[in-house]
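Novice: Generate coordinates for the sequence data below:
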Amino acid sequence: MIIEQKQNLSFDELDELVRPAPEVVEFEEVAHRMVSRRGFLSGGAAVGASAFVMGLNNIGCR
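Specialist: Numbering: from 1, shown residues only. Modelled structure (predicted):
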């Protein structure tokens with residue numbers, strides 16, 4: 001790009017030319033990992049709680 005054309009650009013436009021924004025933001029990756037991990041942990045907690053209740057039921061039948 002010619003220097004004269006760069007002088008007509010705003011700061012944001014020039015910054016975008018020099019250092020373009022990434023297509024995927026790092027925060028989105030972290031948030032996605034946390035949501036999927038939270039879903040996995042809540043599913044594991046539900047399975048553990050149901051196993052605990054069924055175990056108590058078997059102990060009470062004796």
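Novice: For residue 54, give its distance to residue 14.
Specialist: 65 Å (Cβ to Cβ, to the nearest Å). To be clear about C-beta, it is placed using only N, CA and C from the backbone, and glycine gets the same treatment.
Novice: Same check on residue 47?
Specialist: Taking Cβ to Cβ, one finds residue 47 at 54 Å from residue 14.
Novice: neighbour count winner among those two?
Specialist: residue 14 (14 against 10; other Cβ atoms under 10 Å).
Novice: Can you give me the distance of that one to residue 20?
Specialist: 11 Å.
Novice: and what of residue 54?
Specialist: For residue 54 relative to residue 20 (Cβ to Cβ), the value is 56 Å.
Novice: next one: residue 56
Specialist: Taken as Cβ to Cβ, the span from residue 56 to residue 20 is 59 Å.
Novice: after the worst-scoring helix or strand of the chain on mean pLDDT comes which helix or strand?
Specialist: Least confident helix or strand of the chain, by mean pLDDT, DSSP states H and E, is helix 3-7 with a mean of 59. Remark: after helix 3-7, the chain's next helix or strand is helix 11-18, criterion DSSP states H and E.
Novice: quick one: which helix or strand includes residue 50?
Specialist: Short version: residue 50 belongs to helix 26-61, going by DSSP H and E.
Novice: No further questions, thank you.
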